[in-house]
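# Sequence first, then the predicted structure:
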Amino acid sequence: MDHRNFYGRTKGKALNAAQYRYLDEDLPRLSVAGITFAENPERNPLDIRELSGGRKVWLEVGFGGGEHLVHQALNNPDVQFLGVEPYLNGMAMLLGKIRRAGVDNIKLTWVTHVILWMFCQIIVSIKHFYFTQIPGQNCGITAAGL
């Protein structure tokens, strides 16, 4: 996890063995490529067409345990969902829900400040923000503006 410029807690109580397994086995294939500094040191915008396969894209930032994100993915199979969560426990909970639900239209990242900056360059169809302080005001993103 990229901790640069992150203010707040990124991990809560200890994860169980299954949650560690989800992080090891599922997160790599569900993660958005080109987000980390090692993959994209110039911070070029993401190619949303490549990421979404031409589908509409809905962005959910701060998905908590992932209940809403999985529900929306199940009910909107024609949409590519992008989930962003800086909290490790939330990511682990969501991965378990994705496995149980069998959804295949969710991509994930937990590098919140980076993905928000990169998404300033592209348009997504719907954005759900579930935290009050959004790091990214320098590109015009505010909770009220979405």
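Here it is on my side, so go on.

# Residue 90 against residue 67, yeah?
No. Counting by C-beta atoms under 8 Å, residue 90 stays clear of residue 67, with 10.4 Å between them. To be clear about C-beta, it is placed using only N, CA and C from the backbone, and glycine gets the same treatment.

# So between the two, which is more surrounded?
The residue with more neighbours, out of residue 90 and residue 67, is residue 90; 20 against 12, by other C-beta atoms under 10 Å.

# For the more buried one, identify the helix or strand it belongs to.
Residue 90 belongs to helix 88-101 when elements are defined using DSSP states H and E.

# packing partners for the next helix or strand after that helix?
As assigned by DSSP H and E, the chain's next helix or strand after helix 88-101 is strand 106-109. With contacts taken as 3 or more C-beta pairs under 8 Å, 6 or more residues apart in numbering; DSSP states H and E, strand 106-109 sits against helix 27-30, helix 67-75, strand 79-84, helix 88-101.

# Show me what the third one is in contact with.
Meaning strand 79-84. Residues outside strand 79-84 that contact it (C-beta atoms under 8 Å, 6 or more residues apart in numbering): 32, 51-53, 55-63, 66, 69, 72-73, 94, 105-112, 115-116, 124-125.

# The shortest one now?
For helix 27-30, the surrounding residues in contact (C-beta under 8 Å, 6+ apart) are 91, 95, 98, 106, 107, 108.
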